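Trainee: Sequence first, then the predicted structure:
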Amino acid sequence: MKLKTIQSFIILFSAVSVLTATACTRNDPPPYIRVKITDRADNVIFVNNFKLIYWWEERNETPYLEPYHLSTKKLIIDVMTPLKDNPRQIKTTTRTFPLQNIKAIRLNHKATGFDLLITTLSGEQFEASNNFPKQLKKNPDSGIADSLFFAAGTVFIHGSKKPYKKSFNLLKDIQILNASSHPETDQ
């Protein structure tokens, strides 16, 4: 009888620990970013506590894929810059932009992906590809098998808070409306 009681207690304690740990990890640190997102069908939605999720799979010398993801409030992209000597050729460099320093991200969809046009709060514009940023790779010798970029956060639908997550493949425009030190609590 005592053994079953102890086992039940251990199971209950483990379940409560997992729930508590999950709840704690859902509290994102500031800044809390509010955005207006327009998708490719011209639907508009306002997203609170906005962040980006990078998801990718790396392949090593074995046939097994290793999946990874990064949730961040920074845009990490490969910026394309024309060469001064030959403007028809470009130089690609990885750049990191804190989301609170960005005014807008526009996605120009093509047959094989998309390009991004980033406008900063200071008015600078950068053109970027949808190439996966190599600096995120866990193993420098591995290859990227697949990758996706997601916009994520929370939305209010009919008065209730719901999670939001959409692939950049489905989006057209992201406008950063504001960044604050307090999370949005209502619409």
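Mentor: That came through, no problem.

Trainee: Could you work out the end-to-end span of stretch 97-112 for me?
Mentor: End-to-end span of stretch 97-112 (Cα to Cα, to the nearest Å): 24 Å.

Trainee: same question, stretch 69-88
Mentor: Taking Cα to Cα as the criterion, the two ends of stretch 69-88 lie 34 Å apart.

Trainee: pLDDT of it, averaged?
Mentor: For stretch 69-88, the mean pLDDT works out to 89.

Trainee: Quick one: the strands in the chain, in order.
Mentor: Ranges of strands in the chain, per DSSP state E, are 32-39, 44-59, 65-72, 74-82, 90-98, 102-110, 113-120, 125-129, 143-157, 160-167, 171-180.

Trainee: CSV for the ones you listed, including distance to residue 137?
Mentor: Placement of C-beta: from N, CA and C, glycine included. Formatted as CSV, the strands of the chain follow (distance: least, Cβ to Cβ, whole Å):
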stretch, distance to residue 137
strand 32-39, 26
strand 44-59, 6
strand 65-72, 9
strand 74-82, 12
strand 90-98, 11
strand 102-110, 23
strand 113-120, 19
strand 125-129, 16
strand 143-157, 7
strand 160-167, 20
strand 171-180, 24
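
Trainee: contacting residues for the residue most central in space within the chain?
Mentor: Residue closest to the average C-alpha location in the chain (Cα atoms, centre = their mean): residue 52, at 1.5 Å. The contact partners of residue 52, taken as Cβ atoms under 8 Å, 6 or more residues apart in numbering, are 71, 72, 73, 74, 75, 99, 149, 150, 151, 152.

Trainee: partner residues bridging the closest residue to residue 49 other than its chain neighbours?
Mentor: Nearest non-adjacent residue to residue 49, counting by Cβ to Cβ, 6 or more residues apart in numbering: residue 153, 4.8 Å away. Per DSSP bridges, the residues bridged to residue 153 are residue 164.

Trainee: neighbours around residue 153, how many?
Mentor: When counting by other Cβ atoms under 10 Å, one arrives at 23 neighbours for residue 153.

Trainee: Now do it, the pLDDT please.
Mentor: Residue 153 is given a pLDDT of 97.

Trainee: my guess is it meets residue 50, correct?
Mentor: Yes. Applying Cβ atoms under 8 Å, one finds residue 153 in contact with residue 50, separated by 4.2 Å.
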